[in-house]
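In: sequence first, then the predicted structure:
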Amino acid sequence: MATLADVARRAGVSPATASRVINGSSKPVAEELRERVLRAVADLRYVPNAHAQLLARPQRTAVGVIVHDVSDPYFAEVTRGLQRVAIDRGRLVIICNSYRDPERELEYVELLRGQQVAAVVLAGSGYHDSAFTERLNEKLAAYEATGGRVAVIGRHDHAGDAVMPANSAGARLLGRELLRLGHRRIGVIAGPRVLTTTTDRLGGLRQALAEEGADLREEWIRYAGFDRDGGALAMAELLDAAPRLTAVVALNDSMAVGALSVLRARGIAVPERLSLAGFDDMPIAADVTPALTTVRLSMVELGARAMTMALDPAADRHRVEVLPAELIRRDSVGVAPPD
C-alpha cells in the first residue's frame, strides 16, 4: 500500500504539505500544490491511515458504545438512538458487543481509551459484582482523567452521567394491572440474577403485589437468559412446577415471545387460561398473536439521551435523567379465570 511519503514524493512536495491537503488542514496550501497532491493520491490509490488521522486531529471524532448484544432487539433500538445523535454531530460510532461478559467490558473500556474516543457509553445493565464494579470504575476514571466523557444507561455504580429507565416503576404498573384483573397466582420469567435490571424489575413487581397483600413466591420465579430461548425454557418449567398460575410476567419482550411459543405448543389459551405480559415494548410485541401487554420504555430515546449527555462538554458530569415507563394494554392479558 502507498504511504504518505510515497504521495509526497510523487507530487514533489514535503510530507507536511501532503498531510495538510489530505487531512483538510486549515493551513493554506497553494492551489497548484493541492492539485498535485490530489493527483498523486488518485494515481497511487492512497488510503489514509484512519488511526493516524485520529491522533492528529485536535478534536476526538469517534465515540465508543459498549452493549451486551446489538442483535438483541432491545439493544438494537438503544443503538439506533445513540447513532442518531452521534451522526447528527458528525461522530463515528464504534460499537462493542460484550455478550454479558464483564471481563470483555473491561477490555473494551481499555481498547476505547487507547483509541482516544471522545466518549464512552455503557448501554447494558449493571452487575451485582462489587469486585467487577471497582475495576470498571478505576478504568473509567483513568479514561475520564484524559478528557474522555462517560454516560451509562441503567443502574451502574459509577459517579457520572446516567439515563435511568424506570424499571421498578414500570413493573409496579404491571403488577397493579394484574391485581386489578383478579390475578393472585402470578409467575415470573426473570433475567439473570447478576443483572441490576432483573433486580429492579422483579423488585417493582414484588412491591406492587405486597401493597395488596399478595405474595410473589420464589417457586413461581424462574431465572433465564434475557432472550427468546430463555423465555421458552422458563415457561416450560413454570407450567410443570406451578400449573395453577393464572398469569406470567416475562421481564422482557423477547422472553415473552419465547414463552408464548410454549403456551401455543401446549394448547394453553392466552389470555383465557393464562395471561402473559412482557416488558420494554419492543416492535415485535404488537405483532405477535395475541399482541403483548407490556411496559413501554422508549429504547431509542434512552440511547439518544445518553449520547447527548456524553457529547455535551459544557454540562455538569453528574446528571441523572429518568425515562418514564408506560403500561401498554393489549390482548395477552385478561381477567383471571375462576378457580
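Out: Yep, it's here.
In: just the strands in this structure please.
Out: With DSSP state E as the criterion, the chain has strands at 62-67, 92-97, 119-122, 149-153, 161-165, 186-190, 221-223, 247-250, 275-277, 294-296, 320-323, 326-328.
In: elements contacting the third one?
Out: The contact analysis (3 or more C-beta pairs under 8 Å, 6 or more residues apart in numbering; DSSP states H and E) places strand 119-122 against strand 62-67, helix 102-114, strand 149-153, helix 299-310. Yep, even glycine has a C-beta here, placed from its N, CA and C like the rest.
In: neighbours around the closest residue to Gln115 other than its chain neighbours, how many?
Out: Of all residues not flanking Gln115 in the chain, Ala62 sits nearest, at 6.5 Å (C-beta to C-beta, 6 or more residues apart in numbering). Ala62 is flanked by 18 other residues according to other C-beta atoms under 10 Å.
In: one step back: how about the strands of the chain, which one is nearest Ala141?
Out: In this view, the strands of the chain are compared for proximity to Ala141 by C-beta to C-beta, and strand 149-153 is the closest at 9.0 Å.
In: can you give me the offset of that closest one from its chain's centre?
Out: On the basis of C-alpha atoms, centre = their mean, to the nearest Å, the separation between the geometric centre of strand 149-153 and that of its chain is 12 Å.
In: likewise for stretch 303-322?
Out: Using C-alpha atoms, centre = their mean, the distance from the centre of stretch 303-322 to the centre of the chain it belongs to is 15 Å.
In: re the thing from before, ok, the residue nearest to Gln115 touching Arg91?
Out: Yes. In terms of C-beta atoms under 8 Å, Ala62 counts as a neighbour of Arg91; the distance is 6.6 Å.
In: need the overlap of contacts for those two.
Out: Counting by C-beta atoms under 8 Å, 6 or more residues apart in numbering, the shared contacts of Ala62 and Arg91 are Ala118.
In: quick one, helices of the stretch 151-300 of the chain?
Out: For the stretch 151-300 of the chain, applying DSSP state H, counting those that start in this stretch gives helices covering 167-180, 196-211, 228-241, 253-265, 299-310.
In: kindly reformat these as CSV containing distance to Phe132, mean pLDDT and mean neighbour count.
Out: Conversion of these to CSV gives the following (distance: least, C-beta to C-beta, whole Å; pLDDT from 0 to 100; neighbours: other C-beta atoms under 10 Å):
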stretch, distance to Phe132, mean pLDDT, mean neighbour count
helix 167-180, 20, 97, 21
helix 196-211, 12, 95, 20
helix 228-241, 22, 97, 20
helix 253-265, 24, 97, 23
helix 299-310, 21, 94, 24
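In: so which of these comes closest to Leu136?
Out: For those, proximity to Leu136 was assessed by C-beta to C-beta; helix 196-211 is nearest, at 13.1 Å.
In: run through the neighbouring helices and strands of the closest one.
Out: Packed against helix 196-211, as judged by 3+ C-beta pairs under 8 Å, 6+ apart, are the following elements: helix 167-180, strand 186-190.
In: which of the ones you listed sits closest to Arg149?
Out: In terms of C-beta to C-beta, the element of those nearest to Arg149 is helix 167-180, at 24.4 Å.
In: redo the strands of the chain as TSV? Include mean pLDDT and distance to Glu211.
Out: Compiled in TSV, the strands of the chain are given as follows (pLDDT from 0 to 100; distance: least, C-beta to C-beta, whole Å):
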stretch	mean pLDDT	distance to Glu211
strand 62-67	94	34
strand 92-97	93	39
strand 119-122	94	33
strand 149-153	91	28
strand 161-165	92	22
strand 186-190	97	14
strand 221-223	97	19
strand 247-250	98	16
strand 275-277	98	18
strand 294-296	97	17
strand 320-323	91	21
strand 326-328	97	16
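In: correct me if wrong: Ala18 contacts Val37.
Out: Yes. With contact defined as C-beta under 8 Å, Ala18 reaches Val37; the gap is 5.2 Å.
In: what touches both of these two?
Out: Taking C-beta under 8 Å, 6+ apart as the criterion, Ala18 and Val37 both touch 7-8, 11.
In: and the protein, what are its domains?
Out: Structural domains annotated on the chain: 4-56, 62-165+300-323, 167-297, as defined by automatic domain parsing.
In: and of those domains, who's closest to Ala336?
Out: Ranked by C-beta to C-beta, the member of those that lies closest to Ala336 is domain 167-297, at 3.7 Å.
In: ok, now which ones touch the closest residue to Ile221 other than its chain neighbours?
Out: Nearest residue to Ile221, sequence neighbours excluded (C-beta to C-beta, 6+ apart): Val188, at 4.7 Å. Residues in contact with Val188, defined by C-beta under 8 Å, 6+ apart, are 202, 205, 216, 220-222, 248-251.
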